[in-house]
Structure formats: C-alpha cells, structure tokens
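> Could you work out the structure for the sequence below:
(2 chains)
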Amino acid sequence: MDTLLNREAWQAIGLTLQLAACTTVILLILATPLAWWLSQTQSRWRAPIGAVVTLPLVLPPSVLGFYLLVAMGPHGPLGVVTQALGWGVLSFTFTGLLIGSVAFSLPFAVQPIQNAFEALGPRPMEVAATLRASPIDAFFSVALPLARPGFVTAAIMSFSHTVGEFGVVLMIGGNIPGQTRVVSTQIYGHVEAMEYAQAHGLAGGMLVFSFVVLLALSLMRKRVDKVLP
Amino acid sequence: MNAVMPAPDPFRLRMQWQRGDFQLKVDLALPATGITVLFGASGSGKTTLLRCVAGLERPADGLVSLGSDVWQDDAQGIFMPTWQRDLGYVFQEASLFEHLDVQRNLHFGLKRAHKPGAAEALARAIELLGIGHLLQRQPAKLSGGERQRVAMARALATQPRLLLLDEPLAALDWARRHEILPWLEKLRDELHMPMLYVTHAADELARLADHLVVLEQGAVKAEGAAQEVLARIESPVIVGEDAGVLLRGRVVQRDAQWHLAQIEFPGGVLWVRDSGIALGQQVRLRVLARDISLTVHETQGTSIQNHLPGRIEALVADVHPSQALVQIRCGESILLARVTQRAVSDLNLSVGAAIWAQVKSVAVMA
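Purely as a prediction, here's the structure:
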C-alpha cells in the first residue's frame, strides 16, 4: 500500500473527506428551507429559482468555477466583501473550495429533499394543524421525520458528488498540497507526471467508493420501501 | 338525551367561497349539540364547508363562531389559524402519522392542547373506541377500520369544543362501516360533543343525524331537525329506494316467545325485531317509504304486524311516473309511504283522507 498511496496521497484523501463532510453539512442546512419553499410555494419566483438551483447540474464545472473565481477574486463582488470583513481573498483556499463545492452540489441536496416534501402532499401538515401544532412545530415534528429518506439520499449524494468533483476544484482551488489538492486533482497530477501506479491506486479507490455508495443507496431504498409501503 | 344539556351556544356559520365556477355560499345558525350532518352529493361543497370551519380554507365574508369562541369574523378582522382553533378533525382517508406508533399518534394533539384531565380524556377515548390493544402498533400494521378509530380517538383526546368528521367511513367497505357506526353513536350519546359530520350515505345520515343541513351545488337546500327535514315531501332530501323517515321511541315491552320488542313513539307503537335492546331504552327507528303500504280499512288476516291509523297530509309524484309519495300524519309523527299512482286513483287517496299504514319493516338504531 505504501508504494501505491504515499503521504501525499493520504493527505489528499483526508482533505477530500474533510471537504465532502463540510459541504454535506452546509448543504443540508441550506437545502432544507430552500427545498421546503420550492415544494410549498405558488410564487412566480418558484420556476426561476428552481432553475438556478438546478443550473450546476447542466453547467460545465469549469464555467461555474470560472464565475466563482471571478466573484471571489480581489475585484469580484464576493472578494470585495470578504476583504472588507478582513478574511482576505478566498480563491485558492479551502474556504473558497468549500463555497464552490456547496454551489456545485446544491441540486444534489435540494432535489431529493424537495421530492420527499412534495411526496408528502398537504395532508400531514393539515392533520398536524388540526392537532394544535403550529406551522414550525409541524415542520419539525411531522414534515422532517416523514421526509427522512429524502435527507439520507441528499446527504449521500452531496458527499459522494463532492468527492468526485474536479473542474470546480481546479478552477478555484488550484492544486495546493494540504490546502486544495483533493483526490481528483491529485490523480490528474499523477497522470500528467506519468505516475500511472499512483494514479491507479487513487482512481481504483474512487471507483470502489462510488460503487459502494450507489449500492448502499439502492439497498437502503428497498428497505425504506418495505417499511413505508 | 340532549334534554339534560344546558342551553347550547349558537354555532354560527356564514361564508362565501369561490373557486373557478364553483361557489359555496351559506349562512347558518346551528345547534351546538349533537350531530349535525352535512349531506349532499359529491361536489355539493360539504367538504369545503368543513374545511372552512376548520380554517384549512379561508372563505370570504366569513363568520365562524361557537358561542364565545370566534374563529373567523371578517367584520372584525379575525381569522384564527387552524392550529389555534379548539377543534378535532377526522379526515376521509387514513391520516395517521406513519412515523409514529399509535400511542404517539394519540399523544400528538393531546400534549399540544394543554388541557386539564388530558390523561382521563385519552383513557376514555381509547376505551370508547376499543383501541387499547393497538397502542404499540405502527399505523402501517392497522386495518382501515382500526386506523379510522385511532384517528377519531386522536381527535377526541384533545377534548375539542367541536369535532369535524369528513366522510370518515367513505374509504371503508360495508363490514368496516358497520363496525365503526356503533362507536360513532356511542360518541354522540356519551360525550355530548357537538359534531359536524359530512356524508353522502343515507344510512349514516339516518343513524347519526340530530340536525341536518342539505347542500346542493354550494347552497343550502334544506336545514333543520333531522326528523323533520327527512319527513318533508315537497323536496325530499333522500329520493329513491332510501326515502323514509326517522322516528324516536322507547322500548316498552319485550316478547320473549317471538323475539319481538315493542317501541312506543309519539304516534303509536311498533313491533320490531328484538335485537337485545333493554326495556326503557331510547331508540331511533328508520321507516322507509317503500316499506309502508296503505289500506283504507284496518285489514285482518295479514302477515304484517304493524298497522297505524293516520291521515294523509300531502301527496306528490315520485321520481318514477308510476309512483307517488304520500305523507301521513300519525299522532305527532309523520310517515312517508310510496305507492303506485294507480293505487292512489283506485283507493281515492286524497289529502285529509283517513287511512291505515301497514309497516312491513323497521330498522332499529340504538
């Protein structure tokens, strides 16, 4: 293993997992109210906002990465704010990478949760209201637990999608070891340097990881279906 | 049974509700005791009216008040959201929270209602609806009838001022309906909780209604005491095979040899099948128009046990051109009989004529 995965490789793996975990947590917090709003509202803003949320699904990652890079740069709107707050410029930092990952994986978190909320229909919330639950109370005590399968899917999809991203990372993260060099960019580096053995180690690991995630998801869905017919 | 109750607060309902072509417009003052049945065909606005009472829909120009509780009054700018209204709601289809077991479903409203005597109210609801053995089950493991009983107990446990039921039996088969109907009668007779009950089924109406509101295309077609509304002949609420009247009576005699019970009602006595009802018990009787035949003289030598003398109050054509509906006064009660037009002509039946009503069959509803 040592020959295949050296210290640098482990560093990249650690950073990848850290990025994916942070992205997942932030996405679940952001996506829940957004998905709820999208599933409930009849506002005319629903369609445009839904489209914006879905954009990263069809946009080339390099395009998204490019705009984020510009926005976070010293003269970009985000960059101006972060500098004014004394945080400096975020491009080519872990935080910058995190922002990019959150934006990039947003549809993977919002859509399963939104689908789960929509599948509930209005009835459970109405029942809760007739049993004295305020809207916020009913959201936490009824809608959230009933939509649990959607949250599990969202978490797994966000995590694995972040692990697999490449374009956005390359655009805004660069390839700084220990800071922004994740597994996918590390593989790219190895291939460029003709280090195929090292590339194989990481690429094989990614392949197995992705397969296990998808397998787990499909097995879990079956179990959920059995419990909730 | 309602005689012992204190004078009820009036229950006011006034509203206007529009969606597309459909308009619901009502202005009602209902008794706040017993079961008021909202009756009508599908699409007549029954469920919408119930949802407006609950605050699940927001009607225009609305006034919804139960005594001193004002839930909506647009004149004063009051609209209380559903969760602040002291009501229980039983939906048409199973509406239990699938992520909670029966016990937790029952506690959901109870612990939010913050009322004294909650534990007793819950124990009573569990006992009344016979669901004590289901408490640890998940809703997915319950039958349709059990689910509806749990949903009713869950609503009752909050001790609401008003219980709203939206066709609670419609999704159930015949056997399940007849499993639940006695529980509903028990709720009416033992809890004295005012209920608004939506249905389009004539048998539920006959068994449960104290008061009746008939809706047609969003407007009130008839309204009043169930007994009185059902005996109306000029615009019968229930037409066809199910047309008939409701009578209230008391068991005065039981004939053990022939398994019959005698019921006294304001207008005479009727022998009915003895289904084990106690002497002195109050019962409702449903007598269908198709089960009454008329004779000009009291007949001898007939197998029919019940003969009631009366006088014809009104005569109208029935749905089918061969038939007529006859309204008969027996003492203080009204009966409806369906006979052929030829019989009307042959027997010279006319308003004011003295006749005998032969009652072939009576449904007894405790």
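
> nearest spatial neighbour of the residue of chain A found nearest chain B, skipping sequence neighbours?
Closest residue of chain A to chain B, C-beta to the nearest C-beta: residue A:131 (3.2 Å). Yep, even glycine has a C-beta here, placed from its N, CA and C like the rest. Sequence neighbours aside, residue B:109 is the residue nearest to residue A:131 in space, at 3.2 Å (criterion: C-beta to C-beta, 6 or more residues apart in numbering or on different chains).

> what about the residue of chain A closest to chain B, neighbour count?
The local packing count at residue A:131 equals 31, with neighbours defined by other C-beta atoms under 10 Å in any protein chain shown.

> cool, and residue A:77?
By the criterion of other C-beta under 10 Å, residue A:77 has 11 neighbours.

> And residue A:52, by the same measure?
Residue A:52 has 11 nearby residues by other C-beta under 10 Å.

> ok, which residues in chain B are in contact with chain A?
Contact residues (C-beta under 8 Å from any C-beta of the partner chain) of chain B with chain A: B:54-56, B:81-84, B:87-89, B:91, B:95, B:97-99, B:108-109, B:112-113, B:140, B:154-155, B:158, B:164.

> hang on, the earlier thing: heading C-terminal from whichever strand or helix holds the residue nearest to residue A:131, find the next helix or strand.
Residue B:109 belongs to helix B:102-113 when elements are defined using DSSP states H and E. Counting by DSSP H and E, the next helix or strand C-terminal to helix B:102-113 is helix B:118-128.

> residues making contact with that next one?
The contact list for helix B:118-128, computed with C-beta atoms under 8 Å, 6 or more residues apart in numbering or on different chains, reads B:106-107, B:110-111, B:115, B:132, B:135, B:152-154, B:156-159, B:183, B:186-187, B:190-191.

> and what of stretch B:309-324?
Here stretch B:309-324 makes contact (C-beta under 8 Å, 6+ apart) with B:233-234, B:239-240, B:267-268, B:298, B:325-330, B:334-335, B:338-344, B:349-357.

> Can you name the residues of chain A sitting close to chain B?
Proximity of chain A to chain B (C-beta under 8 Å from any C-beta) is limited to residues A:123-124, A:126-135, A:137-138, A:141-142, A:145-146, A:148, A:227-229.

> Report the angle between the helix holding residue B:109 and helix B:118-128.
With axes from the mean of the first three to the mean of the last three C-alpha atoms, to 10 degrees applied, the angle from helix B:102-113 to helix B:118-128 works out at 140 degrees.

> looking just at contacts, which helices and strands does helix B:102-113 meet?
Packed against helix B:102-113 by the contact rule (3 or more C-beta pairs under 8 Å, 6 or more residues apart in numbering or on different chains; DSSP states H and E) you find helix B:118-128, helix B:144-156.

> what mean pLDDT would you report for it?
Helix B:102-113 carries an average pLDDT of 94.

> One more: stretch B:333-351?
In this model, stretch B:333-351 carries a mean pLDDT of 92.

> Flag every buried residue along it.
By 16 or more other C-beta atoms under 10 Å in any protein chain shown, the buried positions in stretch B:333-351 come out as B:333-339, B:341, B:344, B:349.

> And the furthest pair within the residues you listed?
Within the buried residues of stretch B:333-351, two members stand farthest from each other by C-beta to C-beta: B:333 and B:341, at 25.2 Å.

> List the contacts of the most centrally placed residue in chain B.
Chain B has residue B:209 as the residue nearest its centroid, 2.3 Å off, counting by C-alpha atoms, centre = their mean. With contact set as C-beta under 8 Å, 6+ apart, residue B:209 has these partners: B:35-37, B:39, B:197, B:226, B:246.

> Now flag whichever of those residues is closest to chain A.
Distance to chain A, by C-beta to the nearest C-beta, is smallest for residue B:197 among those, at 15.5 Å.

> Correct me if wrong, but that closest one is in a helix.
No - according to DSSP: H, G, I helix; E, B strand; the rest coil, the state of residue B:197 is strand, so it is not within a helix.
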